[in-house]
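Novice: Based on what follows, work out the 3D shape:
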Amino acid sequence: VVGTPYNPTRPADAKVVALGSGQRVYLSKDFGKTWPSSVSLGTKGSAFALAFASPTRLYVGTTAGEVLRLDLAGTSWTATPIHSATAGPLPLKGLVSDVAIDWTDASGASVYIAFGGSGDYRHVWHYNGSRWDARSGAAGSGHNLLDVEHNALIVDRQSPKDLYVGADIGVWHSPDKGATWEPLPNGLPDAPVFDLQIHATRRLLRASTHGRGLYEFNL
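Specialist: As a prediction, the model looks like this:
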């Protein structure tokens, strides 16, 4: 279940939530009390990662490497595949483990995704509204991501050039929108990180690990 971006000027938006189940996404306007809307993804894979860009725009990543944009017009949601963008399609397949909004794009048309699995070090990708590009650092540069499972991805909304990814070997940080990456240990064990969240007001990056507890870091 995912909620909308933090917006203290519109408290009612916080009641909008989405739930992915199989090849459908269900939407609620009352924090899950009722689920009046649902949309078929029409995909091979199942919904796995979801992220709202706004209360009327939702991105979904699937278990088969598909990415879709869901838009609300009136009372109906429509799903548009973006993984096959003609200007530059997403070249990899596999589990889309997380989706994160690119807050430098005020239109909400740009996103990042993280791939799970292994076999290619390019685990983070960026979509600019028309094409996909790898954002995992240059191969062999010493500032690239490793070819291990990547499970979580988040963009700092107050400093949107800063990306954080949770991998099977800790947390990695990019200060330049994915051009270069460095480990972010700061006392964090070399354990798989399955989720990342940034507290909107306290400026805390929180990491949930597999078997080693929950950690937070002052941004």
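Novice: so residue 24 touches residue 39, yeah?
Specialist: Yes: if you go by Cβ atoms under 8 Å, residue 24 and residue 39 touch, sitting 6.8 Å apart. (Each C-beta comes from the backbone N, C-alpha and C, glycine too.)
Novice: Neighbour count for the two, which is higher?
Specialist: residue 39 (21 against 16; other Cβ atoms under 10 Å).
Novice: Not counting sequence-adjacent ones, nearest residue to that one?
Specialist: Nearest residue to residue 39, sequence neighbours excluded (Cβ to Cβ, 6 or more residues apart in numbering): residue 77, at 4.4 Å.
Novice: Make sure that neighbour is actually in contact with residue 68.
Specialist: No: judged on Cβ under 8 Å, residue 77 makes no contact with residue 68 at a distance of 10.7 Å.
Novice: The two: which has the busier surroundings?
Specialist: residue 68 (22 against 19).
Novice: Can you mark which positions in the host helix or strand of the more buried one are buried?
Specialist: In the assignment (DSSP states H and E), residue 68 maps to strand 67-73. Buried residues in strand 67-73, counted by 16 or more other Cβ atoms under 10 Å: 67-72.
Novice: ok, so of those, who is nearest residue 149?
Specialist: residue 67 (18.6 Å; Cβ to Cβ).
Novice: Show me what the closest one is bridged to.
Specialist: Here residue 67 shows beta-bridge partners residue 61, assigned using DSSP bridges.
Novice: Residue 5 and residue 11: what is the separation?
Specialist: 13 Å (Cβ to Cβ, to the nearest Å).
Novice: about what we covered before: contacts for the strand holding residue 68, please.
Specialist: Outside of strand 67-73, the residues within contact range by Cβ atoms under 8 Å, 6 or more residues apart in numbering are 25, 39, 41, 43, 55-62, 77-83, 90, 96, 99, 111, 113, 127.
Novice: now with 7 Å?
Specialist: 25, 39, 41, 56-61, 77-83, 90, 96, 113 (Cβ atoms under 7 Å, 6 or more residues apart in numbering).
Novice: Buried ones among the residues you listed?
Specialist: 25, 39, 41, 57-61, 77, 79, 82-83, 90, 96, 113.
Novice: Those in strands, which ones?
Specialist: With DSSP state E as the criterion, strands contain 25, 39, 57-61, 77, 79, 96, 113 from among those.
Novice: Tell me the one among the residues you listed nearest to residue 122.
Specialist: residue 113 (11.1 Å).
Novice: returning to what we had before: can you list the ones in strands among the buried ones among the contacts of strand 67-73 in CSV and add distance to residue 165 and pLDDT?
Specialist: As requested, those are exported to CSV (distance: Cβ to Cβ, whole Å; pLDDT from 0 to 100):
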residue, distance to residue 165, pLDDT
25, 24, 98
39, 28, 97
57, 23, 98
58, 21, 98
59, 17, 98
60, 19, 98
61, 14, 98
77, 29, 96
79, 26, 97
96, 13, 98
113, 11, 98
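Novice: so can I have a markdown table of those showing distance to residue 139?
Specialist: Putting these into a markdown table (distance: Cβ to Cβ, whole Å) gives the following:
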| residue | distance to residue 139 |
| --- | --- |
| 25 | 35 |
| 39 | 38 |
| 57 | 33 |
| 58 | 33 |
| 59 | 27 |
| 60 | 29 |
| 61 | 24 |
| 77 | 39 |
| 79 | 34 |
| 96 | 22 |
| 113 | 19 |
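Novice: Cool, thanks, talk later.
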